[in-house]
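**Q** Build me a model from this:
(one chain, ligands or ions: 1)
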Amino acid sequence: MRIVYLNPSGRLGGAETSLRELLAGVRAAEPAWELWLVLGEDGPLAGIARDLSVKVLVKPFPPSLARLGDTGRWAALVGLLKASVATGRYARGLARWLGKIEPDIVHTNGFKMHLLGAWTSPRRTPLIWHIHDYVSPRRLMRRLLWPFRKACTVAIVNSKSVAKDLERVLPGLRIMPIYNAIDLQRFSPVGDRLDLDAKAGLAPAAAGTVRIGLIATFARWKGHKVFLEALARLSSGVPVRGYIVGGPIYQTDGSQWSVPELHQEADRLGLAGKVGFTGFLEDIPAVMRSLDVIVHASTQPEPFGMVIIEGMACAKPVIASQAGGAAELFGDGHDALGHPPGDAAALARQIERLARDEALRQRLGNAGRKRAEQLFHRKRLGNALLALYNELAREPVTGSEVGNQSMAV
Ligand code: GLC
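**A** Sure, this is the predicted structure:
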């Protein structure tokens, strides 16, 4: 079997972390399969894939295509026009490569690659769109995907919530929800830790300080401001220090916080010295082990939320924004705590609860690890994908079949 994966970014956001686990799962199950990864940008994902014996081609997107995003109607339209000629050239190049590789299956990750995959995949080659985000709020992508929907054989989605959204937007598509997986050995309670204070350039926190971290890309909806506001609302009796781990990693225009913007907000809230900015850190399991509580604060429904299952797998108590696919991942009060998206007061209450109660932190952490072991291990993901790939490679492509949805978890 020869499978080509197409991914726009070479950096490790959630969709790329998910792809890494997917490649590892497939590679472990089928060492002899020929796996290719075409990236629209160079970055750490290239090396990670090569280490898994995946053949990697870096084909950088033209800048106009890299920057194209769903940022307002007119900006998107102008961006689209600017990008069209260069994208046409890029697509022709990609089609030539795919023609040479002759894949049995093309599996795309990320909206731009869903379109390019539909445009350039060899005829009769099954095309899988792996959809990690809600399509309905993305006006431009929604419109662009519509004419290409017939080219998609199956759409894998990361949660039942994203499946529902996609069903509404692209009716008739065959949709298969498959939960992401993680490496439960890397994301484990035992292993290296980091000095987060040093990473953030802060003096060491006093003994007994409870460390609360938000680990996320700098996408605006990841809730950095809600997190800062919640920290500012904590009563002074609780010895807490906050950490913001991550940075702006995507090239898309206007979609991210800048570092100075968040520093300013922290200063405005009087949080100087009470919150540290570590920048992007590679070893996320070590970051998690160095924290006492992990916060997920997305202000919109989160399609899945890798950080939630990563935190649970490290046996850490997680406070998650309870909406969308993220709400499918935990039982509130059982293996994590929830709070309504964007509600800084509710988030502050949950942080205080955990900061004051070490036994609760331990109980949630242990239950979270159990849940991760049951639901989010690589083998389950590998098996679900293998079954799908084998089915698609056996059957002639007839375009997308209606409905037929099953949860392959
Ligand atoms: C996207 C989604 C996020 C999900 C990740 C992996 O980044 O926004 O919710 O965890 O993909 O599926």
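
**Q** By residue count, what's the longest helix in the chain?
**A** helix 73-101 (DSSP state H).

**Q** got the contact list for Asp332?
**A** Asp332 makes contact with Gln322, Gly338 under the criterion C-beta atoms under 8 Å, 6 or more residues apart in numbering. All C-beta spots, glycine's among them, are computed from the backbone N, C-alpha and C.

**Q** Now it: phi and psi?
**A** With angles defined as degrees, to the nearest 10, Asp332 sits at phi -60, psi 120.

**Q** quick one: the helices in the stretch 251-400 of the chain?
**A** 259-268, 284-289, 306-313, 344-356, 358-375, 378-394 (DSSP state H, counting those that start in this stretch).

**Q** now for the third one, which elements pack on it?
**A** When you say that, I think you mean helix 306-313. helix 14-29, helix 284-289, strand 318-321, helix 358-375 (3 or more C-beta pairs under 8 Å, 6 or more residues apart in numbering; DSSP states H and E).

**Q** Give me the angle between that helix and helix 358-375.
**A** On the basis of axes from the mean of the first three to the mean of the last three C-alpha atoms, to 10 degrees, helix 306-313 is oriented at 110 degrees to helix 358-375.

**Q** where in the stretch 201-350 of the chain is pLDDT low?
**A** 250-254 (pLDDT under 70).

**Q** So which residues on it come close to the ligand?
**A** Residues of the stretch 201-350 of the chain lying close to the ligand (C-beta under 6 Å from any ligand atom) are Glu302, Pro303, Phe304, Gly305, Met306.

**Q** Same list (the residues you listed) but as TSV, adding neighbour count.
**A** Converted to TSV, those look like this (neighbours: other C-beta atoms under 10 Å):
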residue	neighbour count
Glu302	32
Pro303	21
Phe304	24
Gly305	27
Met306	28
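
**Q** Just name the most buried of the helices and strands packed on helix 306-313.
**A** Of all those, strand 318-321 has the most neighbours on average by mean count of other C-beta atoms under 10 Å, namely a mean of 28.

**Q** What is whichever helix or strand comes after the longest helix of the chain packed up against?
**A** Next helix or strand after helix 73-101 toward the C-terminus (DSSP states H and E): strand 105-109. Applying 3+ C-beta pairs under 8 Å, 6+ apart, one finds that strand 105-109 contacts strand 2-7, helix 14-29, helix 111-120, strand 127-131, helix 378-394.

**Q** Pull the residues that contact strand 105-109.
**A** Applying C-beta under 8 Å, 6+ apart, the contact partners of strand 105-109 are 1-8, 15-16, 18-19, 98, 114, 116-117, 121, 125-130, 132, 389, 392-393.

**Q** switch the cut-off to 7 Å
**A** With C-beta atoms under 7 Å, 6 or more residues apart in numbering as the test, strand 105-109 has contacts from 3-7, 15, 19, 98, 114, 117, 121, 125-130, 389, 392-393.

**Q** so what strands line up beside that strand?
**A** strand 2-7 (parallel), strand 127-131 (parallel) (DSSP bridges).

**Q** Output the shortest one as PDB, restricted to C-alpha atoms.
**A** Spelled out, it's strand 127-131. Taking only C-alpha atoms (Å, rounded to 0.1, in the frame of the first residue of the first chain), the coordinates of strand 127-131 have been written out as PDB:
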ATOM      1  CA  LEU A 127      -9.300  10.800  -1.300                       C
ATOM      2  CA  ILE A 128      -9.600  11.100   2.500                       C
ATOM      3  CA  TRP A 129     -10.200  14.500   4.000                       C
ATOM      4  CA  HIS A 130      -9.200  14.500   7.600                       C
ATOM      5  CA  ILE A 131     -11.200  17.400   9.000                       C
END
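
**Q** Could you pull up the mean pLDDT of it?
**A** Computed over strand 127-131, the mean pLDDT rounds to 98.
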